[in-house]
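In: Generate coordinates for the sequence data below:
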Amino acid sequence: MSVSVLGVRHHGPGSARALRAELERLKPDVVLIEGPPEADELVALAKDPDLQPPVALLAHVPGEPSKAAFWPFAVFSPEWQAIRYAAEESVPVRFCDLPAAHGLATRPQAPDGPAGDGARAVRIDPIGELARAAGYDDPERWWEDAVEHRGDTPFQVIAEAMAAVREGYVPDEHEARREAFMRRTIRRAVKDGFERVAVVCGAWHVPALTGPAGSGGSPSARAWGAGLPPAKSDDALLKGLPKAKVELTWVPWTYGRLAAWSGYGAGVTSPGWYHHLFASPDRPVQRWLTAAAGMLRAEDLPVSSAHVIEAVRLAESLAVLRGRPLAGLAEVTEAVRAVLCEGDDLPVELVQRHMVVGERLGQVPDTTPMVPLQRHLREEQRRLKLKPEALDRELDLDLRKPLDLGRSHLLHRLRLLGVGWGVPQQSRGKGTFRESWTLAWRPEFDIDLIEASAWGTTVPAAAAARVRDLTQGGTAGQGRSGAPASGSRPPGGPATPGAAGAGGPGGVSLADLTGLVEHCLLADLPDALPYVLEALSARAALDSDVTHLMAALPAMVRAQRYGDVRGTPATGLTAIVDALLTRVCVGLGGAVTGLDDDAARDLLGHVDAVHAAVGLLDSGDAPGEESPKGRWLAALRAVSGRSDLHGLIEGRIVRILLDSGDLDTGRAERRMARAMSAGHPPARAAAWVEGFVSGGGLLLVHDARLLGLIDAWLTGLAPEAFVDVLPLLRRTFGAFAAPERRAIGERARALGTGEAAAAAVADDIDDQRAAAAVRTVLEILGRAS
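Out: Got it, this is the predicted structure:
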C-alpha cells in the first residue's frame, strides 16, 4: 500500500502537466482531490464531452441562495487534470476537503475550494517566502521560473520546501479542521482496500498530510501516517460541527471571473496566458506572439511577419538579460508593446483583454443537475439563438421581427427576476420598435436563477409570480449579479419599483405600480398585468399627492405606447391614464403653491415629464378642449397668471404655452417684461429666465425682442445683484449646447434697440435661400401643395 501526496499550485499549468504525467506513472487505484466531498457523484459528468472548462462546482443551501460557494476549474488546473485522468482510466475519485455542509452552515461566504484555499487568509504566503529565499522580489515570477517553465514539477522538493516554510506554524481552527478531514479521507481510502492512493492538494497542505519529513510524490517513502496526529485527535476536532443541507452542481465559469476570484491560490491574473502555456508547451513564446499578431490584424492594425520575428527576438533577449529560463508574460507583453503595437498602449489593452485574460466561457451538459428554471432558460436560449458569452456584446433588436421580440421578452423577464444578463442601452435607432442591449453572462447568474426558482419553473411563470409579489409589497431588491429585481430604469424605460418612495399597502407607491405596468408589457406578462392594474387603480384613487400622480402618468403613457408597438393587449390602461390626467389637471393649482427652490425644481421635472407624455396621447392635430393635450394646456393656462408662482415654474409654463401656440409672442414678451420688472427680486427674475429657456435656447436666437428683454434686465442690474444671480444664469445657459451658446452670444453682441433690432433680424433672413428648406420641411410634414 502506498499513499502519494502530490502538492500543486491551483491553476498552475506546469503543475497540471506534471501532475498528469505523475499520475500516469503512479497508476493509482483511487484519486483524492481537495474539494467538497458532496461533489463525488458529479465527477462522472467529466466523461461527458459537453462539460468544457472553465467550469465550477456550485454548492448552495436551498432556500438561502446567499449561502453559496464556487470551486472553479480551468483546463490548466491540476485538479481538473486529475479528474480527467481518473475519468479516462475509470479510476474512482473522492473529494477530501471539509464538506461544504459544514462551511456553509457557519459562514455566508464561500468556504475553501480546490481552486482556492482562499476564503480565509493564510498567515504565511508560502510562495512569497520561497521567492524571497531565492532572491526574487516577485513571487509570481519566481514560481514561473522555478516550476511553470520547467518540463516537470519536483513534487518531493516542493513538499520539503513547504515543510520548511511551515516549521513552527500553527494553523487556525478552520484550517486545522480542513486538514484533519483530509487525513480522515485518506485513512478511509486505505481502510477500503485501495493499494495505490494519490492525493492531489495545495502544496501548502502537504506537510500536514505526510508528517514532518514529508513524502511528496516519492513511492519509496516510509509508511503513510507516521508522525501525523492520531485518528482520535482528528475525530475530536471534527466532532459536533454545525451542518446544513446543501446541493451541488456544475455551472459554467469564465476566465474573466477566474482572474477576479479572490483568496489564496483562487485567482490568476492571466488565465489566458496560463491556458496557452498548458496547451502549447512547444515554442509557447513564438505561438503566443503569432496569435497576438493575428488578433491585432483582425482589428485592422498593420502587423507583419517581420514584426512577429522581431518581437520574439526581443522577448527572448529580455529573458536572457533578466536571467529567466524562458520569456514570461512580462517579456512577451513588453515585446507586444514595443514591436507589434509600436509603443501604443491601446492595442496592448486589446491583447490583455482578449488573450492574457481571455474570453472563454465554459459549458455544462444537459445532464447536469439543474433547477427547472435553469433548464427552461437553456431551452429559451437555444430557441431564440442567444448564446451566453463572457465578454460584453451589443445586441440591437427590431421589435417588428418575431425573433427579436422574443429576445426582448426574455431579457426583460430575466431582469424582473434579478438576472442582469442584458442591460438596456439607449437605442441607436429611432422609433419605439427598436431596443439596444449589452449582454454579458456572469457565473453568479446561476445563483440568481436558483433563488428565482422559488417563483416558478419557467421564466414567464416565475416573472409573473414575481410581479404579483411586488404588487403586494414584496421587496424589489437586487440579485447577486447586481441586477435590480425589477430593473433599473433604462434610457426611456420603466423606473424601478420602490424608487419613488413608499405609500399605500405594503409600501408600494404609485410610481412603483406604474413601473410594474411597463415591465409587464415589456416582458409580455399578460397574466400578471390585471393584478397590477387593479392595484394601480385602487392606489391612485387613494393618493391625494398630485406629484405622485404626475410621476405615475408618464410611465402609464409609455406603457400604452409599448403595448401598441409590441401588440400586447393592455385593456384598462386608457381609463387609468384618463383618470390620472384628470386628477393632475384638477390638482395642479394646489401643487404649485408655496414651493421653495428645491420643491420647485422637483415639480419642474414632473411638469416636463407630463407635458411630454401628454404629447404622446394626441394624434398631432390641433387639440380640442376635451382632448388630453387641450385639458393639460387649459390647466397650465389657469395657473400661469397666479402671483404666488415660483419664478422657475411660471417661466416654464409660459414657455410651454408659447411653444404650443396657446400664447402668442406678444403676450409672452409682456409676461417676460413683467417678470423682470424692478418690482421683483433679481433672484426670482433669474429663476423665471431659467424656467423659460429650459426648453432650449434657439428661441432667443430667433426672437431678438425676447433676447433684448433679457439683455436689458441683465445690464440694468446693480453690481451686487448681478453677482447674486450669476450662478443661476451660468447654470441656465451652461445647459445649452455649444452651438446654441455661440449663436446667442453673436446675437447679443449685435443687439440694437427698437426698430433697428427688428431690421437687423429681418435683414438677416434670406427668403430665397430659405425657400428650399421650407419646401423640404413641408414635404416631410405632408403639407406640401
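In: Quick check: closest non-adjacent residue to D578.
Out: Closest residue to D578 apart from its sequence neighbours, by CB to CB, 6 or more residues apart in numbering: P628 at 7.6 Å. Where C-beta positions appear, they are placed from N, C-alpha and C, glycine not excepted.
In: Check the gap between the one you found and S66 for me.
Out: Per CB to CB, to the nearest Å, P628 is found 47 Å from S66.
In: Equivalent analysis for V31, please.
Out: V31 is 33 Å from S66, by CB to CB.
In: Could you do A163 as well?
Out: 39 Å.
In: Which one's more surrounded, the two?
Out: With neighbours defined as other CB atoms under 10 Å, A163 and S66 compare such that A163 has more, 18 against 12.
In: That one: what secondary structure?
Out: At A163 the chain is in helix, as set by DSSP: H, G, I helix; E, B strand; the rest coil.
In: Give me the distance between it and I33.
Out: Going from A163 to I33 by CB to CB gives 21 Å.
In: cool, A638 as well?
Out: 78 Å.
In: again, but for E41
Out: Taken as CB to CB, the span from E41 to I33 is 14 Å.
In: part of a helix, is L397?
Out: No. Applying three-state DSSP, one finds L397 to be strand, outside a helix.
In: What ranges does the stretch 201-350 of the chain have for its strands?
Out: 247-252 (DSSP state E, counting those that start in this stretch).
In: Listing request: residues of it with sub-threshold pLDDT.
Out: 212-223, 260-267 (pLDDT under 70).
In: Please enumerate the helices of it.
Out: Remark: helices assigned in the stretch 201-350 of the chain by DSSP state H, counting those that start in this stretch are 206-210, 231-238, 255-260, 271-279, 284-298, 305-321, 329-335, 345-351.
In: Mind putting those helices into CSV with mean neighbour count and distance to L410?
Out: Shown next, in CSV, are the helices of the stretch 201-350 of the chain (neighbours: other CB atoms under 10 Å; distance: least, CB to CB, whole Å):
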stretch, mean neighbour count, distance to L410
helix 206-210, 26, 49
helix 231-238, 14, 46
helix 255-260, 22, 23
helix 271-279, 23, 30
helix 284-298, 18, 30
helix 305-321, 17, 43
helix 329-335, 21, 39
helix 345-351, 16, 31
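In: Secondary structure element holding the residue lying closest to R383 once chain neighbours are set aside?
Out: Closest residue in space to R383, ignoring its immediate chain neighbours: G406 at 7.6 Å, by CB to CB, 6+ apart. Counting by DSSP states H and E, the element that carries G406 is helix 402-416.
In: Give me the helices and strands touching that helix, please.
Out: Here helix 402-416 touches helix 372-383, strand 393-398, strand 422-425, strand 434-439, helix 459-471, helix 510-522, going by 3 or more CB pairs under 8 Å, 6 or more residues apart in numbering; DSSP states H and E.
In: Could you check which of E41 and I33 is surrounded by more residues?
Out: Neighbours were counted for E41 and for I33 using other CB under 10 Å; I33 has more, 25 against 9.
In: got the contact list for the more buried one?
Out: Applying CB atoms under 8 Å, 6 or more residues apart in numbering, one finds that I33 lies in contact with 79, 82-83, 93-96, 114, 200-201.
In: Which of these sits closest to L658?
Out: Among the contacts of I33, P114 lies closest to L658 (CB to CB), at 71.0 Å.
In: Tell me the confidence at that closest one?
Out: pLDDT, P114: 42.
In: give me the low-pLDDT residue ranges for the stretch 401-550 of the chain?
Out: Ranges of the stretch 401-550 of the chain meeting pLDDT under 70: 428-432, 474-507.
In: redo that, cut-off 90
Out: Judged by pLDDT under 90, the stretch 401-550 of the chain has its weakly predicted residues at 425-435, 442-444, 446-448, 450-457, 469, 471-522, 524-550.
In: same thing with the stretch 601-750 of the chain?
Out: For the stretch 601-750 of the chain (pLDDT under 90), the answer is 601, 604-605, 608, 612-633, 637-750.
In: Could you rerun that using 50?
Out: 620, 622 (pLDDT under 50).
In: same thing with the stretch 1-150 of the chain?
Out: Scanning the stretch 1-150 of the chain for pLDDT under 50 picks out 108-122.
In: where along it do the helices fall?
Out: Under DSSP H, counting those that start in this stretch, the stretch 1-150 of the chain gives helices at 13-26, 78-89, 100-106, 126-133, 139-143.
In: Tell me how far V312 lies from L318.
Out: V312 is 11 Å from L318, by CB to CB.
In: what residues do those two have in common as contacts?
Out: In contact with both V312 and L318: A335, using CB under 8 Å, 6+ apart.
In: Phi and psi next, for L417.
Out: Phi and psi for L417, reported as degrees, to the nearest 10, are phi -90, psi 0.
In: How about it, nearest residue that isn't a chain neighbour?
Out: A452 (4.0 Å).
In: what's around the one you found, how many residues?
Out: Neighbour number of A452 under other CB under 10 Å is 27.
In: Could you confirm it falls within a helix?
Out: Yes. Applying three-state DSSP, one finds A452 inside a helix.
In: how close does it get to S408?
Out: With CB to CB as the criterion, A452 and S408 are 19 Å apart.
In: State which strand of this structure is the longest.
Out: Using DSSP state E to define each element, the chain has its longest strand at strand 64-73.
In: Could you list the buried residues of it?
Out: By neighbour count on 16 or more other CB atoms under 10 Å, the buried set for strand 64-73 is 65, 67-73.
In: Repeat that for stretch 653-668.
Out: Those would be 653-658, 660, 662-663, 668, for stretch 653-668 by 16+ other CB under 10 Å.
In: Burial check on D711, number of neighbours?
Out: 17.
In: just checking, it touches L751?
Out: Yes. Taking contacts as CB atoms under 8 Å, D711 lies within contact range of L751: 5.7 Å.
In: Now for R353, how many residues are close by?
Out: R353: 14 neighbours (other CB under 10 Å).
In: Show the contacting residues for it.
Out: With CB under 8 Å, 6+ apart, R353 has these contacts: 359, 391.
In: cutoff 10 Å now
Out: Shown in contact with R353 (CB atoms under 10 Å, 6 or more residues apart in numbering): 256, 272, 359, 391.
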